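In: fold the stuff below for me.
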Amino acid sequence: MNEESLRLTLSDRVTIEAGLYARKTFKKIAGEMKRHPATISREIKNNRTFVPGAHPLGKDCRYATECRYKKRCDRAKCSQRCVSCHRHDCQATCPQYNNTPCGILNKPPYVCNTCDRRRKCRADRAYYSAKHAHAVAERRYSESHMGIRTRGAELQRMDELVSKLILKGQPLTHIHSAYGEKLDVSQRTLYNYIDAGVFSIGNIDLRRKVGYRPRKKKRDYPESFLKYDFRKNRSYDDFLKYLDANPGTSFIEMDTMKGAREQGKRLLTMIFHDTNIMLLFIMRDGKADTVVEVFDYLTSLIGIETFRKLFPVILTDNGSEFKHSREIERTVDGHRRTQLFYCDPYSSWQKPHIEKNHEFVRYVLKKGKSLNPFNQQDMTLLANHINSIKRAGLDGCCPYELVVDPEMITLMSLLGLQQVPPDEVYLKPTLFKPR
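Out: Now for the predicted structure:
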């Protein structure tokens, strides 16, 4: 039996509490639960709740309530009862002092749940409550698993592996997915070790731990914006209706990124919703005609039939670079190649996958850095490293490992996309420099 099956559940503890009130023996309760009687005894003694009895003036003597003793100290003329004296501690001078707990707590059932004198008893008491006992047991179990359990050479080996990869810019999710069996600890434990300072790296080396910013208040947008010709029948509501009418249809989220605030190159990004594979295309500028050129290039590269299978539906934002909706949807000779839809204004959450992957791009291409020095070969290299990151949301796989369609394999081959070995994934600004 594993550890989880040996632990008592809340339902088990309810059975124990009900058995106590029914005045059943430990053996009978254990028989109903298919446990050993010692388990029931140990559970009650370890997780019972103690309730202090009546202690007049803070005295825990069993006779304090009715005590009438006087002159137990060296003050012969004192007429005050010793139990109420503030000069001397009667518990230290009285030979009748007795704080022995009630005998019921030292023998089965070890609690006062069914004691006939419990309402009048002034001694310290103990009760067994399934709810409280379960909370105590779970807290004790949690605390026992806290702290640094790995020591010595094993911890040093773990530190060398994790710290080296973190300093390469790899996310901790990728590291754990690739080396989970070798590390033999959970991803949460790795975060705890880093937070505790037992590794060579610290929280400052985890981008997401220090990089979150307060959310901005959602802005209102004018109704006239929704009436633009390029948005007609292509709103986010139309997108949802299209997916309902065509179940099983995959779609691609699309966006652009810019570096410095200057005229020059822009980055067109696409991500396939089903595999999370990201495509990066460097463009000479951020104009709508240039975006159309990328679509024409892809169509000529793989053919219109393959393009329709790979890019059936595209969801993007309302940037001016995407306003040539008809030219994106159709080829030069008028053949339809895709279906384009737009998110609501200021609603980037409607295409979360592309927004999340932009975070990986920014690991290498910092905001404010010009894209003019880079070419398409650089973007292909960056895409390969991003698409080789193993993700918890993909069951520990990287996007490339999910590819099964021959059309996608063909596209990857033509674009030069290929997986990078897990330990060679590098997401730092020095990716494009010799290392």
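In: strands of the stretch 1-150 of the chain, start to end?
Out: Using DSSP state E, counting those that start in this stretch, the strands found in the stretch 1-150 of the chain span residues 49-51, 125-127.
In: residue contacts, the nearest residue to Arg13 once chain neighbours are set aside?
Out: Leaving aside its sequence neighbours, Arg13 sits nearest to Ala130 (CB to CB, 6 or more residues apart in numbering; 3.9 Å). In short, each C-beta sits where N, CA and C put it, glycine included. Residues counted as contacts of Ala130 (CB atoms under 8 Å, 6 or more residues apart in numbering) are 10, 13-14, 16-17.
In: Arg23: how many residues sit nearby?
Out: Number of residues near Arg23 (other CB atoms under 10 Å) recorded here: 10.
In: picking up where we left off before, so which of the strands of the stretch 1-150 of the chain is the most packed in?
Out: Neighbour counts (mean count of other CB atoms under 10 Å) averaged over each of the strands of the stretch 1-150 of the chain peak at strand 125-127, with a mean of 19.
In: how far does it sit from the chain's center?
Out: How far strand 125-127 lies from its chain's middle: 39 Å, per CA atoms, centre = their mean, to the nearest Å.
In: heads up, I number from 149, so please use that
Out: Got it, the first residue is 149 from now on, which makes the last one we talked about strand 273-275.
In: what packs against that strand?
Out: Here strand 273-275 touches strand 197-199, going by 3 or more CB pairs under 8 Å, 6 or more residues apart in numbering; DSSP states H and E.
In: give me the contact list for the strand it packs on.
Out: Contacts with strand 197-199, where a contact means CB under 8 Å, 6+ apart, come from 272-277, 280-281, 284.
In: backbone phi and psi for the residue of the chain most remote from its centre, please?
Out: Distance from the C-alpha centroid of the chain peaks at Lys225, with 71.8 Å (CA atoms, centre = their mean). Phi and psi for Lys225, reported as degrees, to the nearest 10, are phi -90, psi 0.
In: can you check Arg478 too?
Out: Per-residue torsions, Arg478: phi -130, psi 150 (degrees, to the nearest 10).
In: and of the contacts of Ala278, the nearest to His472?
Out: Lowest distance from His472 to the contacts of Ala278 (CB to CB) belongs to Leu158, with 60.8 Å.
In: run a quick neighbour tally on the closest one.
Out: For Leu158, the count of nearby residues is 14 (other CB under 10 Å).
In: again, but for the one 5 residues further on
Out: Applying other CB under 10 Å, we find 19 other residues in the vicinity of Thr163.
In: excluding its backbone neighbours, what's nearest it?
Out: Spatial nearest neighbour of Thr163, excluding adjacent residues (CB to CB, 6+ apart): Met181 at 5.8 Å.
In: quick one on the thing from earlier: among the contacts of Ala278, which are in helices?
Out: In helices, defined here by DSSP state H, the members of the contacts of Ala278 are 158, 161-162, 164-165.
In: tell me the contacts of the closest residue in space to Ile425 that isn't next to it in sequence?
Out: Spatial nearest neighbour of Ile425, chain neighbours left out: Pro547 (4.4 Å); criterion: CB to CB, 6+ apart. Applying CB under 8 Å, 6+ apart, we find Pro547 in contact with 420, 423-426, 535, 537, 539.
In: just give me the closest of the residues you listed to Ala436.
Out: Nearest to Ala436 among the contacts of Pro547 is Met426, at 22.0 Å by CB to CB.
In: if I look at the closest one, what pLDDT would I see?
Out: Listed pLDDT for Met426 reads 96.
In: same check on the one 5 residues further on?
Out: As summarised for this prediction, Met431 has a pLDDT of 94.
In: so it makes contact with Val442?
Out: Yes - taking CB atoms under 8 Å as the definition, Met431 is a contact partner of Val442 at 6.7 Å.
In: quickly list what's touching both of those two.
Out: Shared contacts of Met431 and Val442 (CB under 8 Å, 6+ apart): Leu416.
In: report the rounded mean pLDDT for stretch 395-411.
Out: 88.
In: in it, what counts as buried?
Out: By neighbour count with 16 or more other CB atoms under 10 Å, stretch 395-411 contains the buried residues 399-407.
In: for stretch 462-476, same thing?
Out: Neighbour-count burial for stretch 462-476, with 16+ other CB under 10 Å as criterion, is recorded at 462-466, 469-473, 475-476.
In: who's in contact with it?
Out: Applying CB under 8 Å, 6+ apart, the contact partners of stretch 462-476 are 373, 376, 378-379, 382, 384, 387, 399-404, 414, 418, 434-440, 443, 486-491, 493, 496, 498-499.
In: 6 Å instead, please
Out: For stretch 462-476, contacts defined as CB atoms under 6 Å, 6 or more residues apart in numbering pick out 378, 387, 399-402, 404, 434, 436, 439-440, 443, 486, 488-491, 493, 499.
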